[in-house]
Structure formats: C-alpha cells, structure tokens
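> any chance you can model this:
(one chain, ligands or ions: 1)
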Amino acid sequence: MPRPAVAPPETTVETACPLDCPDACSLTVTLRGRRISKIDGGTANEVTRGYICAKVRHFDRRVYGEDRLQFPAIRRGAKGAGQFRRVTWDDALDHVAEKLEQARRTDGAEAILPLCYGGSNGFLTQDYADAILFRRLGASRLLRTVCAAPTGAANMGLYGKMGSVAYQDYPSARLILIWGVNPGVSGIHLMPYLKEAREQGAMIVAIDPRATTVARQADIHLAVRPGTDLVVALAIHRHLFEEGLADEAFLAEHTTGADALRERAEAWSFERAADVSGVPAERLRQVADLYARVSPALVKCGWGLERNRNGGSAAAAVLALPAVGGKFGVRGGGYSMSNSATWGIERAWLHDSEPASRAVNMNHVGRELTTPTGTPVRALFVYNCNPAVTLPDQARVLQGLAREDVFTVVFDQVLTDTALYADVVLPATTFLEHYDYSKGYGSLSLQLGRPVIEPVGESRSNTDVFMDLVRRMNLSREDDPSDDLDTMLASLAGMPDTTGDELRATWHATPPFGGRPVQFGDVFPKTADRKVHLCPEALDREAPRGLYGYQGDPGSERFPLALISPASERTISSTLGELPRPDVVVEMNPADAEARAIDDRDDVRVFNSQGEVRLRARVTALVRPGTVSMPKGIWRRHTSNGWTSNVLVPDSLTDLGGGACFNDARVNVEKV
Ligand code: SF4
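Numbering: from 1, shown residues only. Okay, the predicted model is just below:
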C-alpha cells in the first residue's frame, strides 16, 4: 500500500530586505522543506511594524520564476536575440577573464566599464568585491548618477548630509510638506506615521504633478508643472524674507550665504512663480503663510523633484527652508531626506592606492557606447541593473548594447532586457540566498541578512564571482575576502564604535539617538564649520545659471506635454519587471485628451523627435493638465512597440550632481 504523503516540516528564518527602498524591513521567511512558502514582515525593525509591501511578499515569484537565470551561458545568436548555450562556471569565467584582459591589453584598462546600480542594493553587492576587481584592473569608474545625485549634492553642500527627521517623529509635526515623493508606493511605512500626524492635528501639503495617494489625502495639493519646484520654493523664501518671517537670529548664528539666497529669491513673486509652475498665486501664498506660522514644521524632500534640469537647485531650495524659517531644534521640525550617511560607515576599501581612472557618467552610457569621445568601451560588465530600460536615451543605449565589438557580461538574477544583449550571462543569487546588510535610508535601521535557501540552480553571489575573477586574473592579495560571509565578517570589523560587535551578536544595530535624532538638538551639519551653507561656492560654480538659477521649460509647440515616469506599486525601479502585471498605460488629463480627440483606453503613440512609445491611454484628472505619466521601471514587453518612456528622455544632465533629467522629456500624444 502506498504511504500517505507527509508534508515537509515548516521552519521560519529571520532576515532583512536590502532592496532599493527607504524602509529596510525585517523579514520572517517561512520554508516548507527547503522551499520558500511565505515571506512576511519581521519585528526586528520597529519602524516597519511587522508588515511588508506586496512586491517582496511575492518575491518568491522572482526566486522560482521562469525568467530566473539558473546557469552560466554564452551567446550563440545575434545580440539582442536572447539565444544562449549553457556552459560551466569555469568556462564562463575563463572567457570573461580573457576578454577583460584582451580589452586591457588592446585599448587600455579604461576600455572596461563596470555598469551597476541598486538592483540588489545590499551593502556588499556593490562597491566591495566588484570594486576590488575593477580598481585593481584600472577600469573606468562609473558615476552612479541615475538617481539621488542632485539631491545628494544639495544635501552634502548645504548640510554635509546631516541626519534627518525619523518616521517616528512625523506625528510630532504640526505641518508636513511632502515634496516630490510618493510614500504610498515607495517607502510605504511612512504612511501610518502620516496618518497618525493628521489624527493629531497636523496639516499635510503635497507638492507633486500627480494626485498621488498622499496628495489625495493631503489638506493642500500643489500640482506643480514638472521642473518648477525650484521657483515654488524660492517664492516661499521670498515671502519669508520680505515679510520679516525669516529667523534672522538662526541665520546669523548657524548659516552662511543667507544674503545670496535672499537676493536670488527676490525675483520670484507668487505671481511670477504661479505663471511658471501653474499653481495659483493664492495657493502658493497660503502654503508660504502656513509654513511661516506653524511649528513644528517638517519638509520631506523626495527624489521626484530632482529629475529635471533644475533638480539640484530645487532640492537645495527645499532643504534651505527650515534654516530660513527657523524650524530646527524641536522634535518633528526640520527636514527629512536620505539617512544613508547617518551610520558613519565608510567603505575604506574604495580609497585604496590604485590610481583613479576616468569616470563615466551612467546617464551618458548610450553616447559612450556609440560615439565615444575618449577611450572606446570594449568590455561592459553589467550587474545589479538593467540599463536597456532604465537609462535615458534608450535608443542609443540599445544601439550601443547591440555593438558586436563591445564584449558584454550581464550578471543578474533574471533574464533582463539587457541580458538579451549579453555575450556571457552569469546567474546571481537573490538576497534570500546570500549574506548581506540591509541599511535603511528612510528608516534608521541596520541589520544583517542571511541566506534562507540554497542558491537556486547554479547561481552565485556577487562577492563570490568577483573574487573568483580577481583570482583568475592574478590580482589577488593576501587578505582578500573569499565569499559573502567572509566579506561580511571582515566589514563588521571596520564599523564605527560598537556597531560591528552588536551586529555580530544580535543581527541588528541600535541606531544613534534612539533612531530619532532632533536636528540642531542631537545632530548638526557635518560641514567643516558646522553651519548650514545656504549658497555653497562649489554648487554655485557647478550650476549653469548659478545655484538657484532657474532654467526655462524645454517644451515646444510641437512637443508641449511634460512626460514624467514616477515609481509604481509594481516594481522597485525595474526589479520585478519580469512578473505579469496589468496593462501599462499613459495617464493624461481630460483636457489634454479632449484636445487630441483621445478617449479612455484608446491606443495612442507618445512621441517626440527621439522616438515613440505605443500603449493605451488612461484619461484621468489624477495627472495635471500639460503633463502625461508613464510608470517607471517597465520592461520592453510592456508596450506594444517595445520602447519605454526612456526612449523619449534626453541624456542632458541636471544642474548639480550630473543626474538624469527624466522629467525633461517633452512629448505629444496622438491616437493610432
Ligand atoms: S521593498 Fe521596502 S517595503 Fe518592501 S519589504 Fe523591502 S524594505 Fe520593506
């Protein structure tokens, strides 16, 4: 008689999410036998309160999905066709090592370009073993500017990246400006704290071209035209200065550059700012008055406002508000931005003795591959990112990826749109299959993550593969780490104070100031003189029109509509884009749709002189007139002609930090 089947026993493992999200949730993963059966919130990170987003709740669909890469492979068809033959790791890595060496011998080491961003976003998946390999080779360095570069430059210039207000302190604020960010889809754990703040009487102001989840719940929504946040912030500054509402005592004691900011704001009356931003002058005045009058007041500065030609100055003007308004020194007052620098963890290995090689801005990868001005790229090593869909000027990026004379390695977890162009594909582990750190840049949290399952197929961790290449290319040194666990243990030893010891003992670290620093109470600017630099010389030199100098709209009669591509609840940047999703649409305002005789659900083309995207229209008042919106992170399969919004995006750079100008795409739309 056959025995009845016995279900394998269930076990749970605690770990942490390291993906590119501010929250850094603790996770409890349930296994049935050796297979993941459930992913849920853990309790180690108090801020995330035991729940997680749907993206990671279903992350097992990526781990075991049909797009998962299981073994190394070498191209056998045309580039882009996605035809590969399976090979052993030895064969694959010997081939990669030989090609990297060949590029170095023939055109110099700078002909090798590593290309990565936050796809895995753990602390050890980039800037560790990969840095050891590429620095020792002397490869080109990559400026990781596709996101957070302008806001980072502004935060560094003004405050030296001072620690910012924690989620838990939002309920202490009486006024909260949510500027250019949608925590309803990215950073969801802020939402309950916002709700609590409202219940305790706080007013919420949302500044965003779309009526996002937060904007719909806000008391006031300023639906600004993309690229004009700068003038809105300057108009508030002008009001504060002109009406005697600026905190002159604070400015005198704790800042430099207040006069320069005052002068540059002078031109921005509410009326002029209204003309440019499309927000009525009386609305701007109302918000400025509120900001002057109500304390504690908090500005949450997001990343949406940086994605245009004025992005760096806009972030600087927004971050300067609490200094001018005198909002520091109380719980719930000040500003909130990335907390990535708060732990003081340095990547000392990046400052080793290797000479600095040339730097390539990742927003210019398309032009570097197709019309190089310096050493041509001969070997491209792509990991933790999917440039075929995420970088500006998509047509040029794809043209570059299709070049037969560029040897391309793609090291990833799934067969991405970029992997289709690879000469060699290497399968990577997910964060559920290797050791790493999870360091929140919104919630102040630092945890260790551990593997909960064996690597799927033949996948290997980043550390493992990069150190293997170091050995194969005869670049080893005595104290090199060998694998992800070894790397993690070595890096713990280099952490400040007792952080490493605590992590080793408990797997999570106690954040400084109980995770709730008060600005100008517990933490101060990390600038040399501990002052806020409201008009730092370096930023003033870098910005084409000087810091706070507004550059006009790039729209034209032919292409009048501003295209934005905000984060969605489906993907983390483009991660998870391989999974099924509802139709991708372009959202447009009823007025713009009517002017073009477009109805809801019509097939349309969104186009400009760079290209076109074909998909369905959704006619909705959620997006302001003059602006259309497509989701960030979609893959080529999601539109009917295989292009994403980035084919319409120029590769021009932001005023500060060399960032991407995604929201400077100007387009038109017509029915097809
Ligand atoms: S992506 Fe963000 S919200 Fe989702 S589990 Fe990870 S940290 Fe939490």
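> which residues touch Ser340?
Lys161, Lys439, Tyr441 (C-beta atoms under 8 Å, 6 or more residues apart in numbering). No exception for glycine: its C-beta is placed from N, CA and C like everyone else's.
> what parts of the stretch 1-150 of the chain come near the ligand?
When proximity is defined as C-beta under 6 Å from any ligand atom, the stretch 1-150 of the chain approaches the ligand at Cys17, Leu19, Cys21, Asp23, Ala24, Cys25, Ile52, Cys53, Lys55, Val56.
> what are the ranges of the helices in the stretch 51-200 of the chain?
With DSSP state H, counting those that start in this stretch as the definition, the stretch 51-200 of the chain shows helices at residue ranges 54-57, 60-63, 89-107, 129-137, 149-159, 190-199.
> one more: the stretch 551-672 of the chain?
Using DSSP H, counting those that start in this stretch, the helices of the stretch 551-672 of the chain run over 590-595.
> can you name the residue of it nearest the ligand?
Ile572 (5.7 Å; C-beta to the nearest ligand atom).
> that residue touches Leu19, doesn't it?
Yes. With contact defined as C-beta atoms under 8 Å, Ile572 reaches Leu19; the gap is 5.2 Å.
> between these two, which contacts overlap?
Residues within reach of Ile572 and of Leu19 at once, by C-beta under 8 Å, 6+ apart, are Lys55.
> among the contacts of Ser340, name the ones in strands.
With DSSP state E as the criterion, strands contain Lys439 from among the contacts of Ser340.
> which PyMOL command selects the buried ones in the contacts of Ser340?
The buried residues among the contacts of Ser340 can be selected in PyMOL (16 or more other C-beta atoms under 10 Å) with this line:
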select buried, resi 161+439+441
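> which ones are touching Ile132?
Trp349, Phe466, Met467, Val470, Leu475, Asp480.
> can I take it that the second one is in a helix?
Yes. Phe466: assigned to a helix according to DSSP: H, G, I helix; E, B strand; the rest coil.
> just give the nearest non-adjacent residue to it, would you?
Nearest non-adjacent residue to Phe466, counting by C-beta to C-beta, 6 or more residues apart in numbering: Ala129, 3.6 Å away.
> per-residue confidence at that neighbour?
At Ala129 the predicted local confidence, pLDDT, stands at 91.
> show me what contacts it?
Taking C-beta under 8 Å, 6+ apart as the criterion, Ala129 is in contact with Asn462, Thr463, Asp464, Val465, Phe466, Met467, Val470, Pro481, Thr487.
> how about stretch 663-672: buried residues?
Neighbour count says stretch 663-672 has Asn663, Asp664, Ala665, Arg666, Val667, Asn668, Val669 buried, by 16+ other C-beta under 10 Å.
> can I assume the last one is in contact with Leu563?
So the one you mean is Val669. No. Counting by C-beta under 8 Å, Val669 does not reach Leu563; the two are 9.3 Å apart.
> buried by neighbour count: which residues of stretch 88-95 qualify?
The neighbour-count check on stretch 88-95 (16+ other C-beta under 10 Å) flags Trp89, Ala92, Leu93, His95 as buried.
> in a markdown table, list the residues you listed along with pLDDT.
Converted to a markdown table, those look like this (pLDDT from 0 to 100):
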| residue | pLDDT |
| --- | --- |
| Trp89 | 98 |
| Ala92 | 98 |
| Leu93 | 98 |
| His95 | 98 |
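> nearest to the ligand, of these?
Compare each of the buried residues of stretch 88-95 with the ligand using C-beta to the nearest ligand atom and the shortest gap goes to Trp89, at 29.6 Å.
> mind listing what the closest residue to the closest one other than its chain neighbours touches?
Once its chain neighbours are removed from consideration, Trp89 has its nearest residue in Pro72; the separation is 5.5 Å (C-beta to C-beta, 6+ apart). Counting by C-beta under 8 Å, 6+ apart, Pro72 makes contact with Arg86, Val87, Thr88, Trp89, Asp91, Ala92, Leu93, Val424, Val425, Leu426, Pro427, Glu458.
> so which of these is the closest to the ligand?
Of all those, the one with the least separation from the ligand (C-beta to the nearest ligand atom) is Pro427, at 22.1 Å.
> figure out the helix or strand that that closest one lives in.
In this structure, Pro427 sits in strand 424-427 according to DSSP states H and E.
> could you do Ala206 as well?
Under DSSP H and E, the secondary-structure element containing Ala206 is strand 203-207.
> from the middle of its chain, how far away would whichever helix or strand comes after that strand be?
Of the helices and strands lying after strand 203-207 in sequence (DSSP H and E), the nearest is helix 213-217. Mean C-alpha position of helix 213-217 versus that of the full chain (C-alpha atoms, centre = their mean, to the nearest Å) differs by 21 Å.
> tell me the buried residues in helix 213-217?
Within helix 213-217, judged by 16+ other C-beta under 10 Å, the buried ones are Thr213, Val214, Ala215, Gln217.
> and stretch 68-80, by the same measure?
Of the residues in stretch 68-80, those buried under the neighbour-count criterion (16+ other C-beta under 10 Å) are Arg68, Leu69, Phe71, Pro72, Ala73, Ile74, Arg75, Lys79.
> can you tell me which residues contact the residue nearest to the third one when sequence neighbours are not counted?
With sequence-adjacent residues excluded and distances taken as C-beta to C-beta, 6+ apart, Phe71 is closest to Glu458, at 4.5 Å. With C-beta under 8 Å, 6+ apart as the criterion, the residues that contact Glu458 are Gln70, Phe71, Pro72, Trp89, Pro427.
> greatest separation within those: which pair is it?
Maximum pairwise distance in these, criterion C-beta to C-beta, is 12.0 Å, between Gln70 and Trp89.
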